[in-house]
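1. Build me a model from this:
(one chain, ligands or ions: 1)
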Amino acid sequence: MTNTIAIVGGGISGTLTVLNLIKQSKSPFHIIWFDAKNQFCKGLAYSTTDEQHLLNVRASNMSIFVDEPNHYVNWLTHNYPQYSSHDFAPRKLFGEYVQATFDVLKNTNPFITIQQIAEEVIDIEKKENTFEITTTQTYKAQKVVIALGNFLPAHPRSVSKEFIESENYFQNAFHPTIIEKAIIKKNITIIGSGLTMIDVLISLHHHSFSGKINIISPHAYIPQAHAENALPSVKPFIEENKLYRLQELLSLVNQQLKKAKTEHLNPQSVIDVMRPHLPFFWINFSLNEKQQFLRHLRHKWGVARHRAPSESMAILKKLESSHIIHLIKGRLVDIKSMDGGFEIHFSDSK
Ligand SMILES: Cc1cc2nc3c(=O)[nH]c(=O)nc-3n(C[C@H](O)[C@H](O)[C@H](O)COP(=O)(O)OP(=O)(O)OC[C@H]3O[C@@H](n4cnc5c(N)ncnc54)[C@H](O)[C@@H]3O)c2cc1C
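-> The predicted model follows:
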């Protein structure tokens, strides 16, 4: 009997599982690949059609194959010669690249057959030797990979049902109709000030939004821009396979940041040097260390790690200088619906 593997999720995680199975498998099996939104190969991040939504990583670091570091740059420069390895290319082109790679590889391994099902998986049940996966029909598989991506953010706490059901509230910042609905408003509030906020600002700017935008977040940190004409990088300072404790890593990072400052090195490279080791660190942290990190360091880490291209940050600066955006440091307390809009209450963050 041919083994069957079910992969739930068509984003990059699901796609890379499929591609690596195609590249490496030496025994016959069948893949059933599900995606609720028919976003195979692209997922949420790379399904955008807005050309101004850029990758937040330079092309040189976006290959999908560890053993072929130039795989993406070669595809990009062949198909879109206006871009180079140094650029932050539009995310939609990255989606096109992953799709093209899948199209090239999908029939290359005679051991593998692939069935794509554009439906939501609503249940997975373990039976004696198989799993039963339910959409509108039921499928059987011996193995299941779950690659669902991030869920939508929770609704803000202590808000009314009326607010949650309002057509002027968007829980999903990437909802396909958000821009066309938002563009006609005079006043918009964005809760959160990370990369998703930047995407929303860029789309509004691109559609010539001329109202006011309030941005509320507890620390009012905004992403850093990737440094242009970067100074030399710090030298690698992480020992391979060492089990670092959180406290130890924190002092190492602070020490490297000081060194970068005194020796005129690129401080952002302190984070870049750690990048390949991050999954190993995280897996080996204790539960207590993970909780400490999420409670005290997540926001600072977020701005240092998730940087935005300088082109994107230039749009934010432009909107700031024309007083279109107003960044508020505060914690949301309550949102009341009134006069066709909302009254937002927040407390000053300390
Ligand atoms: C706006 C944005 C920009 C980003 N930019 C970058 C970048 O420039 N560079 C970078 O390295 N990373 C970037 N990221 C990080 C990005 O999240 C990851 O790189 C990656 O795309 C995540 O892929 P994923 O497959 O885990 O999740 P997703 O892309 O979210 O894919 C999950 C898929 O699962 C499907 N699904 C969910 N539930 C079910 C179900 N029950 N049944 C069937 N299907 C289901 C969904 O339809 C979705 O297509 C960005 C993320 C976002 C949100």
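
2. so who does S85 touch?
-> By Cβ atoms under 8 Å, 6 or more residues apart in numbering, the contact set of S85 is R58, A59, S60, N70, V73, T77. (C-beta placed from N, C-alpha, C; glycine too.)

3. can you check G95 too?
-> Applying Cβ under 8 Å, 6+ apart, we find G95 in contact with C41, K42, Y46, S47, T48.

4. And it, which helix or strand is it part of?
-> In the assignment (DSSP states H and E), G95 maps to helix 91-105.

5. buried set for that helix?
-> R91, K92, L93, F94, G95, E96, Y97, V98, T101, F102 (16 or more other Cβ atoms under 10 Å).

6. circling back: now, of the contacts of S85, which are buried?
-> R58, A59, V73, T77.

7. okay, the third one: pLDDT?
-> Put plainly, it is V73. On pLDDT, V73 comes in at 98.

8. List the contacts of the strand or helix carrying it.
-> Element membership of V73 [criterion: DSSP H and E] is helix 71-79. The contact list for helix 71-79 (Cβ under 8 Å, 6+ apart) reads 59-60, 62-65, 83-85, 89, 93-94, 96-97, 100-101.

9. Then stretch 120-130?
-> Against stretch 120-130 from outside (Cβ under 8 Å, 6+ apart): 6, 8, 34, 36, 131-135, 140-142, 144, 146.

10. do the same with stretch 22-33
-> 2-7, 10, 14, 18, 21, 40, 105-106, 108-109, 111-117, 133, 139, 141.

11. Keep only these that also lie close to the ligand.
-> Contacts with the ligand are made by G10, G14 out of the contacts of stretch 22-33, judged by Cβ under 6 Å from any ligand atom.

12. And the buried ones among the contacts of stretch 22-33, selectable in ChimeraX?
-> Filtering the contacts of stretch 22-33 down to the buried ones (16+ other Cβ under 10 Å) takes a single ChimeraX command:
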select :4,5,6,7,10,14,18,21,40,106,109,112,114,116,117,133,139,141
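
13. S269 contacts L257, correct?
-> No: the criterion here is Cβ atoms under 8 Å, and S269 misses it with L257 at 10.3 Å.

14. check the contacts of helix 71-79 against the ligand, which are close?
-> Okay, of these, nothing touches the ligand (Cβ under 6 Å from any ligand atom).

15. Contacts only, for H299.
-> Here H299 is in contact with P218, H219, Y221 (Cβ under 8 Å, 6+ apart).

16. Extract the CA atoms of the helix or strand containing it and return them as PDB.
-> Element membership of H299, judged by DSSP H and E, is helix 298-305. The C-alpha trace of helix 298-305 is given here as PDB (Å, rounded to 0.1, in the frame of the first residue of the first chain):
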ATOM      1  CA  ARG A 298       9.300  40.400  22.900                       C
ATOM      2  CA  HIS A 299       8.600  44.000  22.000                       C
ATOM      3  CA  LYS A 300      12.300  45.100  21.900                       C
ATOM      4  CA  TRP A 301      13.200  41.900  20.000                       C
ATOM      5  CA  GLY A 302      10.400  42.500  17.600                       C
ATOM      6  CA  VAL A 303      11.700  45.900  16.400                       C
ATOM      7  CA  ALA A 304      15.300  44.700  16.300                       C
ATOM      8  CA  ARG A 305      14.600  41.400  14.400                       C
END
